[in-house]
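K.L.:
fold the following, please.
(one chain, ligands or ions: 1)
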Amino acid sequence: MKKSVSILLIMAMASVFPLFAQDLSSSLPTPNAAVGYLMAIGFLTPVPEQVMTEINTVENVAALEKLSSKTKNFFTDGKLNTVFKMLIQGAECKECRFGYERTYRADDPVAPFRRLRELARTARVYGLMQLKDGKPDKAFETFKAIFCMGKHVEFDGTLIAGMIGIALKNISLSGFKELVNLSKDKKIVEDACQFLKSQPSATLSAAKYLESEKKYIATALNMIKEDSKKESDEDLRNSYENVVFILPLNMQKNVVSSETNTASPVKSCSANQRVLMGAVEMLCMDYNPMPATLTLSIIPEFLVSSKYLKNFPECPEKGKYEITKTNESAYEWHCTIHPEPGVTSEPASDTSVYPSKSQIEEFKKFINSTEFDKMTAEALGMFDEAKKFDPYAADYTAKIDAFQKKIETSTNTIIKNAIPNFKKMFESQVKQDESIKKLISR
Ligand SMILES: [Zn+2]
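P.N.:
Numbers count the residues shown, from 1 in each chain. Predicted structure coming up:
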């Protein structure tokens, strides 16, 4: 009697909540690869620094010999099986999206790039171990999953996601290289080559993420416009410091520098620190692992000389920006006199309000002018122009150089400040295509 009641209850629940019934089945109703990756990261216990340092240097089977017993023990932890299972299951999904909806706004959720990279490198070592242990089929599965994660991240939206996706794929390719060169299992080697052969070339994806990047910029510019039409100035005021750079240079002179002393120094220092963090993050993507010669003392200069920064920002109150290493793959910036971005809120009752009423008015006038619309259209057109580049065309180098020059010398402040460096993107794509070609042509 009791039993039938509970069965009835379950049936009733199932009809009221169809999801409840579905939960009993073996897979999720709408598989999203990101869920798998986020779960994998969740199950990946924080990797001890020494272990991560070692993991970062291992790119081939021979290097496994050098691992310390601490790192070897880390890989025998039973929980890692769950991590890689989640990674593989995620990688099998067709779709991948971090966040519930894509609005192409600056506040869209961003994939946890650093943790994903940690996951990829840890999985690579795991795959190399599988290869060494005579399980090439398992190693193939692992490297394939890293590659697919890279592909998913590549299309997550922004140009930066694209670059990180390429970096993740590169992590998997060094594993593939070992598999192809060392495995005596001809069938697996053939399957691995077939898999790589079936991948679209990296350069083909350029147009897709240029389009996303364009959407992001268009949305951002449109949001400024919407803010400027609101009755309250509050939103415009809050974003002012991040967007004031789009004013034409002659207007920036009036609006920015004549009143810099009334600007909020903590806020503009925070903005500087954010710019620095973004630049060093880009650097970490390109140099993986960071060359030992790139020491903390030369990173600041290197960021400028290698064009990660247009120029090194200056603290509005003459503080100094110092970089520290928190672990092998992470850096932090500090200002010697100001807090980190987002740590402290500012005193609300500041008598010298920045931006002032007249600054806001002038900004609004510009945003609603036809000049702004023209500048916007011109800037967005640059993305369309970049989409047409073929890095394999004979005249590519001349074309891209002319394009970069056009950006650098543009009087359109939106172009000058908001169009990223596409040259680097094309370069890393071509490099990846070439290394895959080399791998499968042996
Ligand atoms: Zn400062």
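K.L.:
can you get me a residue count around the residue in the stretch 101-250 of the chain positioned nearest to the ion?
P.N.:
The stretch 101-250 of the chain approaches the ion most closely through residue 241 (13.8 Å), counting by CB to the ion. From N, CA and C alone the C-beta is placed, and that goes for glycine too. When neighbours are defined as other CB atoms under 10 Å, residue 241 has 17 of them.
K.L.:
also residue 333?
P.N.:
For residue 333, using other CB under 10 Å, the count is 20.
K.L.:
how about it, secondary structure?
P.N.:
strand (DSSP: H, G, I helix; E, B strand; the rest coil).
K.L.:
ok, it touching residue 273?
P.N.:
Yes: if you go by CB atoms under 8 Å, residue 333 and residue 273 touch, sitting 5.2 Å apart.
K.L.:
okay, domains of the protein per the record?
P.N.:
1-30, 32-199, 211-343+354-426 (automatic domain parsing).
K.L.:
dump these to a markdown table, plus mean pLDDT.
P.N.:
As requested, these are exported to a markdown table (pLDDT from 0 to 100):
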| stretch | mean pLDDT |
| --- | --- |
| domain 1-30 | 48 |
| domain 32-199 | 92 |
| domain 211-343+354-426 | 84 |
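K.L.:
which of these sits closest to residue 432?
P.N.:
Proximity to residue 432 (CB to CB) singles out domain 32-199 among the domains of the chain, at 5.7 Å.
K.L.:
check which helix or strand covers the residue nearest the centre of the chain.
P.N.:
The chain has residue 161 as the residue nearest its centroid, 3.7 Å off, counting by CA atoms, centre = their mean. Residue 161 belongs to helix 159-182 when assigned by DSSP states H and E.
K.L.:
next SSE after that helix?
P.N.:
Downstream of helix 159-182, the first helix or strand assigned by DSSP H and E is helix 186-197.
K.L.:
tell me what that next one is packed against?
P.N.:
helix 136-154, helix 159-182, helix 422-440 (3 or more CB pairs under 8 Å, 6 or more residues apart in numbering; DSSP states H and E).
K.L.:
can you list contacts of the next helix or strand after it?
P.N.:
Where DSSP H and E defines the elements, the next helix or strand beyond helix 186-197 is helix 206-229. The contact list for helix 206-229, computed with CB atoms under 8 Å, 6 or more residues apart in numbering, reads 103-106, 154-155, 157-159, 161-162, 235-236, 239, 243, 246, 363-364, 367-368, 372, 376, 379-380, 383-384, 386-387, 389, 414, 418, 420, 422, 425-426, 429.
K.L.:
so of the residues you listed, which ones are in helices?
P.N.:
154, 159, 161-162, 235-236, 239, 243, 363-364, 367, 372, 376, 379-380, 383-384, 386-387, 414, 418, 422, 425-426, 429 (DSSP state H).
K.L.:
show the buried residues in those residues.
P.N.:
154, 159, 161-162, 236, 243, 363-364, 367, 372, 376, 379-380, 383, 386, 414, 418, 422, 425-426, 429 (16 or more other CB atoms under 10 Å).
K.L.:
ok so, going back, I'd guessed the residue of the stretch 101-250 of the chain closest to the ion sits against residue 267; true?
P.N.:
Yes: using CB under 8 Å, residue 241 is in contact with residue 267, at 5.8 Å.
K.L.:
still on that earlier bit, I'd like to know which of the domains of the chain lies nearest to residue 441.
P.N.:
domain 32-199 (9.1 Å).
K.L.:
okay, the residue lying closest to residue 307 once chain neighbours are set aside and residue 375: tell me how far apart.
P.N.:
Once flanking residues are discounted, residue 307 sits nearest to residue 421: 6.6 Å by CB to CB, 6 or more residues apart in numbering. Counting by CB to CB, to the nearest Å, the gap from residue 421 to residue 375 is 20 Å.
K.L.:
what about these two, which has more around it?
P.N.:
residue 375 (21 against 14).
K.L.:
distance of the more buried one from residue 366?
P.N.:
Residue 375 is 10 Å from residue 366, by CB to CB.
K.L.:
go on, residue 114?
P.N.:
For residue 114, the distance to residue 366 - CB to CB - is 37 Å.
K.L.:
repeat that for residue 416.
P.N.:
The gap separating residue 416 from residue 366 is 16 Å, by CB to CB.
K.L.:
repeat for residue 130
P.N.:
From residue 130 to residue 366 the distance is 59 Å (CB to CB).
K.L.:
could you do residue 150 as well?
P.N.:
41 Å.
K.L.:
those two - which one has more neighbours?
P.N.:
Between residue 150 and residue 366, counting by other CB under 10 Å, residue 150 is the more crowded of the two (24 against 17).
K.L.:
what's near enough to touch the more buried one?
P.N.:
120, 165-172.
K.L.:
what's the most distant pair in those residues?
P.N.:
Most distant of these, by CB to CB, are 120 and 166, 11.9 Å apart.
K.L.:
more neighbours: these two, which one.
P.N.:
residue 120 (25 against 21).
K.L.:
how about the residues of this structure near the ion?
P.N.:
269, 315, 319, 335, 338 (CB under 5 Å from the ion).
K.L.:
save those residues as TSV, and put in neighbour count and secondary structure too.
P.N.:
Listed next are these as TSV, based on neighbours: other CB atoms under 10 Å; DSSP: H, G, I helix; E, B strand; the rest coil:
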residue	neighbour count	secondary structure
269	23	helix
315	17	coil
319	17	coil
335	23	strand
338	22	coil
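K.L.:
wasn't residue 322 part of a helix?
P.N.:
No: using three-state DSSP, the assignment for residue 322 is strand, not a helix.
K.L.:
can you tell me the closest non-neighbouring residue to it?
P.N.:
In space, residue 322 is closest to residue 334, 5.3 Å off (CB to CB, 6+ apart).
K.L.:
I figured that neighbour hits residue 324, correct?
P.N.:
Yes: using CB under 8 Å, residue 334 is in contact with residue 324, at 6.9 Å.
K.L.:
between these two, who's got more neighbours?
P.N.:
residue 334 (16 against 10).
K.L.:
next, the contact list for that one, please.
P.N.:
Neighbours of residue 334 in contact, by CB under 8 Å, 6+ apart: 273, 321-322, 324, 340.
K.L.:
with that, I have no additional questions.
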